[in-house]
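Enquirer: Sequence first, then the predicted structure, then my questions.
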Amino acid sequence: MSTSSVVIAARGVEVRRDDREILAAVDLDVLSGEVLALVGPNGAGKSTLLSVLSGDLRPNEGTVEVMGRAVHTYRALELARRRAVLSQANTVSFPFRVIEIVQMGRSPWMRSAELADDQRAVTEAIEATDITHLLGRRFTSLSGGEQARVSLARVLAQTTPIVFLDEPTAALDLRHQEDVMRLARRLAADGRAVVVVVHDLSLAGAYADRIALLDHGRLDAVGTPHEVMTADRVGRVYGLDVQIHRLGASDRPIVLPLRD
């Protein structure tokens, strides 16, 4: 991993909707060269926090800086050249072909010196997401998992130093879940910052450098998988008794619910 630096700094972030507190008093740094996993129960505020960090949602209180500058001061094109976002919804209004969807990831670089890198970036994104066989098909004809991989390819083709992935493994089979998380690790090894919302705690434990555990809109813990994922903490936050198994030389945690 390359030497890490803070690329996103969030301080005192609060988000409210209809007088309901979604996020409260969140302080969090995102580092280059790391995979940061946002985990927590349904409704904990994971996707909202990702939206705030990416600049898609302005908080009611607090500040977010991207590369040392307040995120809300960026023009849309400037921000698109610094961070790419994979949202949960992979909706497309028109029946574009898959190759066209991936090429859309290059739109922030139109009329720039990076235009020459378009074909390389698109080709690498296609190969990384295993969608070569889908290129001629219409996006609207694909399964949910196939659409998720195509949408991820579009994000990768954007070639930004910061990548946000909101539940990228949700619609995928076991093999492609592992592929996506390995890809996140490769991006981090190249020096990029990767923020990923994950529901599978064992996936987060296996691939993240740090984990931010949210509970009712607040950060319960931030640290390495070994530090954050203890049976007591996970059981308390999720309201479920669990066992933590640590396997192999890496000592990465595997979370198993206790069943009768």
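Expert: It's in.
Enquirer: contacts and neighbour counts: CA atoms only from here.
Expert: Noted.
Enquirer: For the stretch 1-150 of the chain, just list every one of the helices.
Expert: Counting by DSSP state H, counting those that start in this stretch, one finds helices in the stretch 1-150 of the chain at the ranges 46-54, 76-80, 98-103, 118-129, 144-157.
Enquirer: Please name every helix or strand in contact with the shortest one.
Expert: Using 3 or more C-alpha pairs under 8 Å, 6 or more residues apart in numbering; DSSP states H and E as the contact test, no helix or strand touches helix 76-80.
Enquirer: Sort out which residues of that helix are buried, please.
Expert: In terms of neighbour count (16 or more other C-alpha atoms under 10 Å), helix 76-80 has its buried residues at 79, 80.
Enquirer: Quick one: mean pLDDT for that helix?
Expert: Regarding helix 76-80, the rounded mean pLDDT is 95.
Enquirer: And the fourth one, by the same measure?
Expert: For helix 118-129, mean pLDDT rounds to 93.
Enquirer: follow-up on the earlier one: can I get the helices of the stretch 1-150 of the chain in CSV with distance to residue 191?
Expert: As requested, the helices of the stretch 1-150 of the chain are arranged in CSV below (distance: least, C-alpha to C-alpha, whole Å):
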stretch, distance to residue 191
helix 46-54, 18
helix 76-80, 18
helix 98-103, 23
helix 118-129, 17
helix 144-157, 14
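Enquirer: closest one to residue 258 among those helices?
Expert: Judged by C-alpha to C-alpha, the one of the helices of the stretch 1-150 of the chain that comes nearest to residue 258 is helix 46-54, at 24.8 Å.
Enquirer: Which among the helices of the stretch 1-150 of the chain is found nearest to residue 239?
Expert: That would be helix 46-54 among the helices of the stretch 1-150 of the chain, by C-alpha to C-alpha, at 17.5 Å.
Enquirer: residue contacts, residue 255?
Expert: Residue 255 sits next to 201, 202, 242, 243, 244, 245 when contact means C-alpha atoms under 8 Å, 6 or more residues apart in numbering.
Enquirer: Just the closest of those residues to residue 127, please.
Expert: Using C-alpha to C-alpha, the contacts of residue 255 come closest to residue 127 at residue 202, 25.9 Å.
Enquirer: Counting neighbours, what do you get for that closest one?
Expert: 19 (other C-alpha atoms under 10 Å).
Enquirer: For the helix or strand of the chain with the lowest mean pLDDT, buried residues please.
Expert: In the chain, the helix or strand scored least confidently by mean pLDDT, DSSP states H and E is strand 242-247, which has a mean of 89. By neighbour count on 16+ other C-alpha under 10 Å, the buried set for strand 242-247 is 242, 243, 244.
Enquirer: CSV for these, including distance to residue 7?
Expert: As requested, the buried residues of strand 242-247 are exported to CSV (distance: C-alpha to C-alpha, whole Å):
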residue, distance to residue 7
242, 34
243, 35
244, 32
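Enquirer: Tell me the spacing between residue 23 and residue 189.
Expert: Note on residue 23: its distance to residue 189, by C-alpha to C-alpha, to the nearest Å, is 30 Å.
Enquirer: More neighbours: these two, which one.
Expert: Neighbours were counted for residue 23 and for residue 189 using other C-alpha under 10 Å; residue 23 has more, 27 against 16.
Enquirer: Okay, now the unreliable bits of the stretch 151-260 of the chain?
Expert: Applying pLDDT under 70 to the stretch 151-260 of the chain flags no residue at all.
Enquirer: ok, back up a step: the helices of the stretch 1-150 of the chain: which one's closest to residue 167?
Expert: helix 46-54 (8.6 Å).
Enquirer: Residue 10 contacts residue 63, doesn't it?
Expert: Yes. With contact defined as C-alpha atoms under 8 Å, residue 10 reaches residue 63; the gap is 5.7 Å.
Enquirer: Looking at the chain, which helix is longest?
Expert: helix 174-189 (DSSP state H).
Enquirer: mind listing what the spatially closest residue to residue 107 that is not a sequence neighbour touches?
Expert: Beyond its immediate neighbours in the sequence, the residue positioned closest to residue 107 (C-alpha to C-alpha, 6 or more residues apart in numbering) is residue 158, lying 7.9 Å away. Contact analysis of residue 158 by C-alpha under 8 Å, 6+ apart lists 81, 84, 105, 106, 107, 108, 121.
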